[in-house]
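Asker: I'd like to go over a predicted model; first the sequence, then the structure.
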Amino acid sequence: MDPILISQGHMSHNYRANFYNKLNHPKKFTFVCLALFTILSIVNAYSGDLTYYTSWRGNFGSCGLERSKWDAFYVAALSRARMSGSANPNKHPLCAANKCIKINGARGSVVVKISDTCGACKYDDVDIADTVFPLLDDPKKGRVKVTWDFTDCSRIGKV
């Protein structure tokens, strides 16, 4: 028995019409928009190594914030390359009170305040307080890959 052949033009026309009809449904359209937004959000995120430091117990970070007043030590140091460009590091735009980053790791996400400079970090690397690292990954690893992006500081801590 010979197979039934359907012309490609007819098949693709039906497929397109069916796709657009399904997409016109409000819930499906909303879902597609949310999916695209999520993908674009991930694309805009930075990717780098995450490390931790224990020397945060001193007086001030390079942003001039008194370390004893840091929000439960949810703090981060960004690379020297990111933090350069200001004659006075305390007045760097990334040191402003409303500048935080959201870091996404294997164990979840945290929002931390930018408060210091990491001299050994590459451009997209982040160095955080040793008290916060376990919320993102196993501290025994010492260095892990993460994604992160800038966010407001309305919710510092585990998210």
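Answerer: That came through fine. Because the structure is predicted, anything quoted here is derived from the model rather than measured.
Asker: Could you identify the helix or strand that succeeds the longest strand belonging to the chain?
Answerer: For the chain, the strand with the greatest residue count under DSSP state E is strand 108-118. Next helix or strand after strand 108-118 toward the C-terminus (DSSP states H and E): strand 126-129.
Asker: same for that following strand, what does it pack against?
Answerer: In terms of contacts (3 or more C-beta pairs under 8 Å, 6 or more residues apart in numbering; DSSP states H and E), strand 126-129 is packed against strand 46-53, strand 75-79, strand 100-105, strand 108-118. The way it works is simple: take the backbone N, C-alpha and C, and place the C-beta from them, glycine included.
Asker: Of all the ones you listed, which one comes closest to Asp125?
Answerer: Among the helices and strands packed on strand 126-129, the nearest to Asp125 by C-beta to C-beta is strand 46-53 (4.2 Å).
Asker: Strand partners (parallel or antiparallel) of that closest one?
Answerer: strand 126-129 (parallel), strand 144-151 (antiparallel) (DSSP bridges).
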